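**Q** This is the structure alone, sequence omitted:
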Ligand SMILES: Nc1ccc(F)c(C(=O)c2c[nH]c3ncc(Cl)cc23)c1F
Ligand SMILES: [Fe+3]
């Protein structure tokens, strides 16, 4: 007899409404909102929308990674080491803050609005104080899997249908951008130990054997039922969503804003380092971004 392969199912569906963040920015907070904490290894997912007067001026990070994926408009970034650049629609910036980054993230002034996703991925203890690293890919450098006509999966991290990303993930992570035409079915393999969720950007998708309906701006958390796949269908509407999954770190999380360590002592030490420009924050002394 054939055993129908079990799919992961949806355990929660949470709508994210816009809230203010940064300077004049609006974000829909997915992971990281009160109803969506403890999705180890993920700390936050924001769908951000910033007009030319807003942005995220000079601020620090330590102990985790920020993954910025642009959907519309152009965003510029600059850090305290002089690393700067602009990312546009479809482009990716995977920033491993490690021991410390101070940077500014602002829309390009001429733009109407910058719209994208920023995911915060926690780092395991042994990497929290690593040298900062950038992995930046233009849209055209991100591989696509097209299991069938009308199903395009951008492999931002991890693997889909035999297509692998080149991004080095210290915390094993899968990050896939799905554009699925109507009346399609796609099955994605996910390691059964991974914590996973879908964030809907546009349209409607039906997930799992029970065809749970996913609508725009909803976070759909995936069950951990031992399944190694998730089945996603569309009916009379196209769908655009991201599927994000990763290996839980199972370490203590102590977070104060942009600092995420394993103990309150380490957080205290981080504040001391930041105030005194030490242990990775040396270049923050007297630094001001030119773009904010
Ligand atoms: N501590 C702290 C406090 C408040 C913040 F807004 C931020 C921050 O920078 C961001 C929050 N979501 C975001 N989405 C997109 C971008 Cl480009 C940046 C952010 C931050 F780091
Ligand atoms: Fe930042």
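**A** Cool, got the structure. Note that the coordinates shown come from a computational prediction; the quantities given were computed from them, not determined experimentally. Numbering: from 1, shown residues only. Ligands and ions are numbered 1, 2, ... in the order given.

**Q** going forward, measure contacts and count neighbours with C-alpha atoms only.
**A** OK.

**Q** Give me the sheet partners of the one helix or strand residue 244 maps to and which way each runs.
**A** Applying DSSP states H and E as the criterion places residue 244 in strand 239-246. Using DSSP bridges, the strands paired with strand 239-246 are strand 173-180 (antiparallel), strand 195-207 (antiparallel).

**Q** Over to residue 283. Which of the three states is it?
**A** helix (DSSP: H, G, I helix; E, B strand; the rest coil).

**Q** Could you tell me which residues make contact with it?
**A** By C-alpha atoms under 8 Å, 6 or more residues apart in numbering, the residues touching residue 283 are 80-81, 277.

**Q** Dump those into a markdown table; add distance to residue 213 as well.
**A** Putting the contacts of residue 283 into a markdown table (distance: C-alpha to C-alpha, whole Å) gives the following:
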| residue | distance to residue 213 |
| --- | --- |
| 80 | 44 |
| 81 | 45 |
| 277 | 49 |
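
**Q** Can you lay out the residues you listed as a markdown table showing distance to residue 245, secondary structure and neighbour count?
**A** Shown next, in a markdown table, are these (distance: C-alpha to C-alpha, whole Å; DSSP: H, G, I helix; E, B strand; the rest coil; neighbours: other C-alpha atoms under 10 Å):
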| residue | distance to residue 245 | secondary structure | neighbour count |
| --- | --- | --- | --- |
| 80 | 31 | coil | 22 |
| 81 | 31 | coil | 13 |
| 277 | 35 | coil | 15 |
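
**Q** Around ligand 1, pick out the residues from the chain.
**A** 21-22, 46, 48, 56, 105, 118, 257-258 (C-alpha under 6 Å from any ligand atom).

**Q** still on that earlier bit, turn the strands paired with strand 239-246 into a markdown table, columns for mean neighbour count.
**A** Below are the strands paired with strand 239-246 laid out as a markdown table (neighbours: other C-alpha atoms under 10 Å):
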| stretch | mean neighbour count |
| --- | --- |
| strand 173-180 | 23 |
| strand 195-207 | 23 |
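
**Q** In JSON lines: those, plus mean pLDDT and distance to residue 149.
**A** What follows is the strands paired with strand 239-246, written out as JSON lines (pLDDT from 0 to 100; distance: least, C-alpha to C-alpha, whole Å):
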{"stretch": "strand 173-180", "mean pLDDT": "99", "distance to residue 149": "9"}
{"stretch": "strand 195-207", "mean pLDDT": "98", "distance to residue 149": "17"}
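
**Q** Let's have these in CSV, adding distance to residue 64.
**A** Putting the strands paired with strand 239-246 into CSV (distance: least, C-alpha to C-alpha, whole Å) gives the following:
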stretch, distance to residue 64
strand 173-180, 13
strand 195-207, 17
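
**Q** what bridges to residue 23?
**A** Under the criterion used (DSSP bridges), residue 23 bridges to residue 55.

**Q** Wait, it touches residue 52, no?
**A** No - here residue 23 does not reach residue 52: they are 10.7 Å apart, not a contact under C-alpha atoms under 8 Å.

**Q** Comparing those two, which residue is more hemmed in?
**A** Between residue 23 and residue 52, residue 52 has the larger neighbour count (other C-alpha atoms under 10 Å), namely 17 against 13.

**Q** show me what contacts residue 122?
**A** 40-43, 63-65, 171, 260.

**Q** Would you quantify the distance from it to residue 61?
**A** Separation of residue 122 from residue 61 (C-alpha to C-alpha, to the nearest Å): 11 Å.

**Q** Same question for residue 159.
**A** From residue 159 to residue 61 the distance is 28 Å (C-alpha to C-alpha).

**Q** Can you pull up the most central residue in the chain?
**A** Centroid-nearest residue in the chain: residue 119, 2.4 Å away (criterion: C-alpha atoms, centre = their mean).

**Q** Tell me which stretches of this protein form helices.
**A** Along the chain, counting by DSSP state H, helices occupy 264-276.

**Q** can you list the weak-confidence ranges in it?
**A** Scanning the chain for pLDDT under 70 picks out 1-4.

**Q** bridging residues for the residue nearest to residue 136 when sequence neighbours are not counted?
**A** Leaving aside its sequence neighbours, residue 136 sits nearest to residue 93 (C-alpha to C-alpha, 6 or more residues apart in numbering; 4.6 Å). Beta-bridge partners recorded for residue 93 (DSSP bridges): residue 68, residue 136.
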